[in-house]
Structures are given as structure tokens and as C-alpha cells.
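1. Take this sequence and fold it.
(one chain, ligands or ions: 3)
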Amino acid sequence: MNQFQTLGQFIIEKQADFPYAKGELSRLLRDIGIAAKIVNREVNKAGLMDILGSAGSENIQGESQQKLDIFANEQFISALRSGGECAILASEENEEVIHLSKHAKYIVAIDPLDGSSNIDVNVPVGTIFSIYRKSHDGPATIADVLQQGTFQVAAGYIIYGSSTMLVYTTGCGVNGFTLDPSIGEFCLSHPNLKTPPTGTMYSINEGNYVHFPLGVKKYIKYCQVEDPGSHRPYTSRYIGSMVADLHRNLIKGGIFIYPSTASAPKGKLRLVYECNPLAFVTEQAGGRATDGLGRRILELPVMELHQRPPIFIGATEMVQQAEVFMIASLN
Ligand SMILES: O=P(O)(O)OC[C@H]1O[C@](O)(COP(=O)(O)O)[C@@H](O)[C@@H]1O
Ligand SMILES: [Mg+2]
Ligand SMILES: [Mg+2]
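-> Numbers count the residues shown, from 1 in each chain. Ligands and ions are numbered 1, 2, ... in the order given. From the prediction side, this is the model:
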């Protein structure tokens, strides 16, 4: 007998946590799980298929699209369309929102494949999702997507790594499920996941060092200086797939920073598709996510679909320490 609880069983059991829900949110999460399994299947055999490499097109961000970016996007759109519980979908790969089921109550924002630059070299990639609820009875509009992160009803990610995991929160803690390929089910493997209050890893693309704000430069030096009274120097770990970097830090304890740089003065990572969902998961796991100056990512006003804030996310004490350097460097 299978001793693990499957994602489907877990979702049904937890439905009682939502007095307003009549099963739609559970079905939505199930649909995301289905699309994730299909994407996982293709990612796993990508080298054997004509599915690696550039698609020869660009997304709205002006970034070159990989074939798997497009494949993953299509799978999530199709699963959410046929599931019938998503009114509007906003995807990193589409300029405009996609209207799906007219009478549905939920809004989904998605980064279908995170870590695009790692696809061709067999390094973990991911999917990030965020779910909001429509607060009115009329048809869903773009305004329903531009809700502040605090209004998310669920968010999570899938990591296609050495094993495939789906990690999500509905605001009552974080739970992680590992895909058991022998039965094709996500099974509860990391119940009530908590991140350590501090850690020993810092993750940032140090190749951009000269373009970082002074506070970030000072924090990096702080991480590198030997201090027998603490665990410094910290270990530098940067994969370049946000999901993978965040997942490792969440479990082991660490900080991930993508600050403003000269080439991306407002930051690079997207508020709606990447920062808000991962901030929700991180906070629910006991961590912290801010713009580096103490403003909670989840409270940033969402002005446009493809907005990008700087992000400092991970173990609470490490993020607070980085903020001390950032704020001091302003004076
Ligand atoms: O190569 P850089 O500038 O360090 O950026 C890496 C970051 O860009 C991203 O790949 C952006 O995500 P996408 O692949 O979804 O565009 C993050 O996953 C990652 O953290
Ligand atoms: Mg991404
Ligand atoms: Mg992406």
C-alpha cells in the first residue's frame, strides 16, 4: 500500500480550510499539477526530442524564447482552459492576459518555465504560479490580475530537478510534494516546510558586481569576511534558475538577491509571475521577502503586468542584515 498522501488527497483534505471555496480552488491546483506532470515528462527527455534550443522568437520582455518556454506555456494554458476554474491567465510569455472561463472565480499568473537559460544544459528549471480570487461578479479584467501580493489565495512552484517537486501554500503554511514517477503522483514529502531563521548561503549573480548598488556591494563583502564568532564567510551558490536557488535556500537557509543593476535599473525579476508567488511561499515558510529597503514584496503596488522590483528573499535574519547595509548606504 502507498504510505504517502498524494497531492489530490491532500488538497481534498485541506479544502475545509477555505470556508468560501466550493472545490474550485482544489480543482485549479489539481489542473496545475496535471500540466506540471506533462512538462516534467518533456523536460526529462528533452535531449532526445527536438525541443531544446531557441524557438527563434522573443517574449514581451524582449527575451529570446526557448522551445520549452513555449511548450510549457501551452500546457498550462490548455490545462487551465479545460479545467474551467480560471477566469484569466497572465503568463510571462504573453503580452496580454488570456481570457479562459467566463464564469470562473480565479485568476492565475504563471512563469511557465523559470530558468530558461539553463534548459539546454540539464540544470534544474521550474514553474512558478500565483492564484488570486475575483472580488466581484462581473467579467474578470486586467485589474483582477494587478492585485497586491497579499491578496494571493495560493502560490507555489514546481522544480524539475534531480527529483520533481511541487511546493505550494494557501496561506496556512507550506507543503512540498515529490513526484513519484512509478505511480505518476505528487506525494507529500515535505509537510509544513519551514526555512531556518538564518543560514550560510548567499545567492546573487556576482558577475554584475560593478553594477550593484553600494549597499549590495557592502553586504557581499560582509558575507565573504571571516568571522570566527559567526558562520562567515558564507558559501556563494548561484544556479541562475530562481526556483532552484530559492528552493535550496528555503531548505538549507540562505538569501537570494536580485537587486537593481545598471542594465536593469528597476530589477530583473517579475513582480507578478516570480516575486509575489515566491514571497508568499517564503513568508509562509517563516522567511522574509523585501525590495532591500524594508518594503515587503507582497505589499508593493502592482502597476503593470510585467513590472520588475529588486528582490531580497530568504532567511529572515539574513534579509534583515542585507537591508541594514542597503539603508545605511542611502545616508
Ligand atoms: O542570468 P541572470 O541575470 O543572473 O538571471 C537569472 C534569473 O533570471 C531568470 O532565469 C528569469 O526567469 P525566466 O527564465 O523565467 O525568464 C531567473 O530564474 C533567474 O534567477
Ligand atoms: Mg522566471
Ligand atoms: Mg520563464
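2. all contacts plus neighbour counts: C-alpha atoms, from now on.
-> Noted.
3. which phi and psi does the most far-flung residue of the chain relative to its centre have?
-> Computed with C-alpha atoms, centre = their mean, the residue of the chain farthest from its C-alpha average is P228, at 34.5 Å. Backbone torsions of P228, given as degrees, to the nearest 10, read phi -60, psi -30.
4. what do you get for R133?
-> phi -110, psi 140.
5. Compute the number of surrounding residues for it.
-> Neighbourhood size, R133 [other C-alpha atoms under 10 Å]: 21.
6. Specify the beta-bridge partners of it.
-> Y106 (DSSP bridges).
7. so what's it up against?
-> 105-107, 144, 151-153 (C-alpha atoms under 8 Å, 6 or more residues apart in numbering).
8. Let me know the pLDDT of it.
-> Looking at R133, its pLDDT reads 95.
9. and the contacts of R133, which two are the farthest apart?
-> Using C-alpha to C-alpha, the two most remote members of the contacts of R133 are K105 and F151, lying 13.8 Å apart.
10. More neighbours: the two, which one.
-> When neighbours are counted by other C-alpha under 10 Å, K105 and F151 differ, and K105 comes out ahead with 23 against 13.
11. if you skip the residues just before and after it, what's nearest to the more buried one?
-> K134 (5.3 Å; C-alpha to C-alpha, 6 or more residues apart in numbering).
12. now swap in D120 and tell me
-> D120 sits nearest to L52 (C-alpha to C-alpha, 6+ apart), 5.9 Å away.
13. That neighbour should be in a helix, yeah?
-> No. Counting by DSSP: H, G, I helix; E, B strand; the rest coil, L52 falls outside a helix, being coil.
14. That one touches N118, doesn't it?
-> No. Using C-alpha atoms under 8 Å, L52 makes no contact with N118, being 10.5 Å away.
15. Of those two, give the one with the bigger neighbour count.
-> L52 (18 against 14).
16. pLDDT score for that one?
-> pLDDT recorded at L52 is 73.
17. which SS state does A16 fall under?
-> A16 ends up helix, using three-state DSSP.
18. tell me which parts of the stretch 101-250 of the chain are close to ligand 1?
-> The stretch 101-250 of the chain has residues 111, 113-116, 205, 240-242 near ligand 1, with proximity defined as C-alpha under 6 Å from any ligand atom.
19. Now intersect those with the strands, please.
-> 111, 113-114 (DSSP state E).
20. between those residues, which is nearest ligand 1?
-> D114 (3.5 Å; C-alpha to the nearest ligand atom).
21. thinking the closest one is in contact with M242, fair?
-> Yes. At 6.9 Å, D114 and M242 qualify as touching, with contact defined as C-alpha under 8 Å.
22. Can you list the residue ranges for helices in the stretch 201-331 of the chain?
-> 214-224, 242-252, 276-284, 316-330 (DSSP state H, counting those that start in this stretch).
23. Those residues of the stretch 51-200 of the chain touching ligand 3, which are they?
-> With the criterion set to C-alpha under 5 Å from the ion, the stretch 51-200 of the chain comes near ligand 3 through 111, 113-114.
24. can you put these in CSV and add distance to N331 and pLDDT?
-> CSV is the format used below for these (distance: C-alpha to C-alpha, whole Å; pLDDT from 0 to 100):
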residue, distance to N331, pLDDT
D111, 37, 97
L113, 39, 95
D114, 36, 96
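25. Determine whether any part of stretch 61-78 lies close to ligand 1.
-> No. Using C-alpha under 6 Å from any ligand atom, stretch 61-78 stays clear of ligand 1, with a minimum separation of 7.4 Å.
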